[in-house]
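> Make a model of this:
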Amino acid sequence: MSGYADFAAYVAELNDLLCTMNILTWDVRTQMPPEGSWTRGQQLATLTRLVQERFASDHMGRLLDAAEAEVRGEDADSYRVRAVRSTRDAYTIVRRVPAALVGELAVQRAVGQRVWEEAKPANDFARFAPNLKAMVGLSRELADAIGYEAHPYDALLLQYEPDMSAARLTALFDDLKAGILPLLKRIVDGGQPVAADFLYRTYPAAQQRAFALEIARQFGYDLQRGRVDASAHPFEISFTRQDVRMTTRYQENYMPGAVFGLFHETGHALYEQGVDPALTRSALTSDFLGQYAVGGVSFGTHESQSRLWENQIGRSRSFWQLHFARLQSYFPEQLAGVDVEQFYRSVNRVRPSLIRVEADEVTYNLHIMLRVEIEMGLLDGSIAVDDLSELWRAKMTEYLGVVPPTDTEGVLQDIHWSSAQFGTFPAYTIGNVMSAQFMQAARRDVAGLDDELAAGNYTPLREWLTANIYRHGRAFSPEELLQRTTGEGLTPRPYLAYLREKYD
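From the prediction side, this is the model:
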């Protein structure tokens with residue numbers, strides 16, 4: 001075997017371990033009995049330590065040396081060169097992180113998720129607070145181990161958004177506020193109330209699933225390489241492009257949650273199913289910093305696809321002009337007397353609300369800004385876990401003018417902190433911004449794209465996204481993908497223009 005072949009074979013084994021961890025994580029969130037959390041945590045910790053020790057080993061260093069020597073002089077954009085380069089970057093960082101710390105984080109994640117799942121419906125933040133304190137402390141240790149100059153948040157962002165920093169995020173948020181807040185004020189001051197009472201009628205979960213899955217398949221989701229389950233919080237997870245799974249959360253008294261949730265997760269799933277088969281079990285589908293088997297280059301890039309398919313496509317007027325009659329066929333009594341324009345306006349109505357995953361497109365990013373500010377404070381020590389309930393209420397009042405009556409609808413609503421995912425929330429806003437940039441580029445490159453979408457032909461868009469984004473896996477950074485497809489780096493201008501055009 002050659003130097004690169006030895007390197008690729010070793011990475012393939014590590015990818016197998018990461019996929020196994022993903023399978024165990026999927027089971028934690030979908031089927032595992034409550035009493036299995038501690039032992040599952042130990043299993044994940046064992047696998048995590050194995051990956052950490054094998055990846056950070058001197059043997060891996062020698063394989064990298066040999067692979068680098070072999071690919072030297074090859075096309076800088078080739079998958080071979082990119083695989084070696086990205087692995088070297090991750091190797092340099094992971095060598096700084098103690099295996100014991102990684103293992104302890106794995107234990108706390110498994111246990112923390114189970115405690116959160118119990119604490120949330122019980123409105124019992126005190127039950128979850130000790131777990132959150134432990135994960136904040138471990139995350140600070142992780143940031144110190146990775147290293148940073150300006151803010152500990154920078155180190156954690158490196159795992160999820162390699163081109164981002166706390167300072168750059170703050171500047172992006174400031175630009176978004178400057179565009180979103182005046183728009184929100186115009187809507188709140190001048191808009192007429194939108195009737196939406198019919199969304200809260202009784203919608204059986206089975207029919208919700210059937211309709212949403214029908215649309216997911218039209219978007220291009222391949223059920224021969226995937227499945228759909230229920231979970232406390234919707235997510236997508238993959239174990240190579242051949243096995244890409246989704247979940248959603250069903251509320252029988254609020255139909256849009258599950259339907260748009262599955263549209264959202266379909267965007268993630270299309271990304272994973274669209275990865276070039278040649279990258280299976282490779283460094284370009286392995287996140288050795290976050291320890292995930294994943295084809296997307298960053299959480300924000302991945303989120304751009306879920307937001308694109310959920311919002312830019314699934315909440316558009318042309319989409320519902322085509323599909324509303326089909327939705328009515330699933331719910332003839334619930335949607336009796338409702339026309340397509342009423343429905344379109346109801347699922348796009350703008351109103352400051354308590355729940356992030358049910359927020360409209362105009363206010364959604366304010367939820368993210370709130371969470372990121374809290375995360376930065378938790379990491380630098382300026383915010384204490386014990387103060388979070390009251391601080392959350394204060395920030396919701398400041399940003400959105402609404403006050404959560406319970407912690408279930410407040411600080412406990414998201415799953416992310418239960419698995420120590422500090423640094424992932426910015427991905428949602430970054431994804432919103434990138435989704436508009438990618439859609440603008442697709443319309444530029446694909447003649448008659450809007451006509452195809454209005455006719456229900458999603459293949460041209462999916463093929464453009466696959467050719468420009470999905471197939472590359474983790475080969476190119478988020479900034480590189482944007483430059484290659486749109487001609488410029490991350491900018492909120494197309495996103496703000498999209499919001500103004502839709503809502504003004």
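> shaky segments in this protein?
For the chain, the stretches flagged by pLDDT under 70 are 1.
> Show me the strands in it, by range?
Here the chain has its strands, by DSSP state E, at 226-230, 236-238, 244-248, 286-287, 292-293.
> Tell me which of those lies nearest to residue 46.
Counting by C-beta to C-beta, residue 46 lies closest to strand 292-293 out of the strands of the chain; the figure is 17.0 Å. Placement of C-beta: from N, CA and C, glycine included.
> Tell me the strands beside the closest one, with direction?
strand 286-287 (antiparallel) (DSSP bridges).
> Quick check: the nearest residue to residue 316 once chain neighbours are set aside vs residue 270, distance?
Once flanking residues are discounted, residue 316 sits nearest to residue 453: 7.6 Å by C-beta to C-beta, 6 or more residues apart in numbering. Distance, residue 453 to residue 270, using C-beta to C-beta, to the nearest Å: 15 Å.
> Neighbour count for these two, which is higher?
residue 270 (26 against 21; other C-beta atoms under 10 Å).
> Surely that one and residue 465 touch.
Yes. Look at residue 270 against residue 465 with C-beta atoms under 8 Å: they come within range, at 7.3 Å.
> what residues are shared contacts of the two?
residue 305 (C-beta atoms under 8 Å, 6 or more residues apart in numbering).
> what residues are up against the residue nearest in space to the middle of the chain?
The residue lying closest to the centre of the chain (C-alpha atoms, centre = their mean) is residue 303, at 4.6 Å. Contacts for residue 303 were tallied using C-beta under 8 Å, 6+ apart; they are 268, 427-428, 430-432, 434.
> Without its sequence neighbours, what residue ends up closest to it?
Closest to residue 303 by C-beta to C-beta, 6+ apart is residue 431, at 2.6 Å.
> what's around that neighbour, how many residues?
22.
> nearest spatial neighbour of residue 275, skipping sequence neighbours?
Closest to residue 275 by C-beta to C-beta, 6+ apart is residue 295, at 3.9 Å.
> likewise residue 34?
Residue 34's closest residue in space is residue 114 (C-beta to C-beta, 6+ apart), at 6.3 Å.
> and what of residue 156?
Residue 156's closest residue in space is residue 423 (C-beta to C-beta, 6+ apart), at 3.7 Å.
> check contacts around that neighbour.
Applying C-beta under 8 Å, 6+ apart, the residues near residue 423 are 153, 156-157, 159-161, 375.
> Buried residues, stretch 172-184. List them.
172-173, 176, 179-180, 183-184 (16 or more other C-beta atoms under 10 Å).
> Please apply the same query to stretch 319-334.
Counting neighbours by 16+ other C-beta under 10 Å, stretch 319-334 gives 319-320, 322-324, 327-328, 330-331, 334 as buried.
> same question, stretch 376-396
In stretch 376-396, counting by 16+ other C-beta under 10 Å, buried: 376-379, 383, 385, 388-389, 391-393, 395-396.
> and which of those is nearest residue 338?
Among those, and counting by C-beta to C-beta, the member closest to residue 338 is residue 396, at 31.0 Å.
> any idea how far that closest one is from residue 404?
Counting by C-beta to C-beta, the gap from residue 396 to residue 404 is 6 Å.
> Show me the common contact partners of these two, please.
354, 410.
> where exactly do the helices run in the stretch 151-300 of the chain?
With helices called from DSSP state H, counting those that start in this stretch, the stretch 151-300 of the chain shows them at 152-160, 166-190, 205-219, 255-273, 299-307.
> can you redo those helices as TSV with distance to residue 233?
Output for those, formatted as TSV (distance: least, C-beta to C-beta, whole Å):
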stretch	distance to residue 233
helix 152-160	17
helix 166-190	23
helix 205-219	16
helix 255-273	9
helix 299-307	14
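> most packed of those helices?
Mean neighbour count (mean count of other C-beta atoms under 10 Å) peaks for helix 299-307 among the helices of the stretch 151-300 of the chain, with a mean of 27.
> can you state the direction angle for it and helix 152-160?
On the basis of axes from the mean of the first three to the mean of the last three C-alpha atoms, to 10 degrees, helix 299-307 is oriented at 60 degrees to helix 152-160.
> Tell me what angle helix 299-307 forms with helix 255-273.
Using the same axes, to 10 degrees: helix 299-307 against helix 255-273 is 130 degrees.
> what about the residue lying closest to residue 13 once chain neighbours are set aside, neighbour count?
Distances taken as C-beta to C-beta, 6+ apart place residue 54 nearest to residue 13, at 7.8 Å, with adjacent residues excluded. Around residue 54 there are 14 other residues, counting by other C-beta under 10 Å.
> cool, residue 459 as well?
Neighbour number of residue 459 under other C-beta under 10 Å is 11.
> Also residue 139?
By other C-beta under 10 Å, neighbour count at residue 139 equals 25.
> Quick one: residues contacting the nearest residue to it once chain neighbours are set aside.
Excluding its sequence neighbours, the residue lying closest to residue 139 (C-beta to C-beta, 6+ apart) is residue 422, at 5.0 Å. Neighbouring residues of residue 422 by C-beta under 8 Å, 6+ apart: 135-136, 139, 153, 156, 375, 378-379, 416.
> quick one: residue 422 and residue 336, what's the gap?
Residue 422 is 46 Å from residue 336, by C-beta to C-beta.
> Touching, the residue nearest to residue 316 and residue 317? I think so.
No. Counting by C-beta under 8 Å, residue 453 does not reach residue 317; the two are 11.1 Å apart.
> and for these two, which residues touch both?
Shared contacts of residue 453 and residue 317, counting by C-beta under 8 Å, 6+ apart, come down to nothing at all.
> quick one on the thing from earlier: just the contacts of residue 303: which are in helices?
Among those, DSSP state H puts 268, 427-428, 430-432, 434 in helices.
> possible to save those residues as TSV with distance to residue 308?
Below are the ones in helices among the contacts of residue 303 laid out as TSV (distance: C-beta to C-beta, whole Å):
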residue	distance to residue 308
268	11
427	14
428	13
430	13
431	8
432	9
434	8
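> which of those has the most neighbours?
Of the ones in helices among the contacts of residue 303, with other C-beta under 10 Å as the count, residue 434 tops at 31 neighbours.
> for the closest residue to that one other than its chain neighbours, what are its contacts?
Nearest non-adjacent residue to residue 434, counting by C-beta to C-beta, 6+ apart: residue 304, 3.6 Å away. When contacts are counted by C-beta under 8 Å, 6+ apart, residue 304 is found next to 430-435, 438.
> Can you tell me which of those residues is closest to residue 310?
Distances from residue 310 to those, taken by C-beta to C-beta, are shortest for residue 435, at 9.0 Å.
> if we can go back for a sec, quick check, the residue nearest to residue 303 in contact with residue 309.
No. Counting by C-beta under 8 Å, residue 431 stays clear of residue 309, with 11.2 Å between them.
> Next one: residue 281 from residue 29, what distance?
Counting by C-beta to C-beta, the gap from residue 281 to residue 29 is 24 Å.
> Residue 226 now?
16 Å.
> With residue 397 instead?
Counting by C-beta to C-beta, the gap from residue 397 to residue 29 is 32 Å.
> Have a look at these two and say which one is more surrounded.
residue 29 (21 against 12).
> ok, the closest residue to the more buried one other than its chain neighbours - contacts?
Distances taken as C-beta to C-beta, 6+ apart place residue 231 nearest to residue 29, at 4.8 Å, with adjacent residues excluded. For residue 231, the contacting residues are 29-30, 247-249, by C-beta under 8 Å, 6+ apart.
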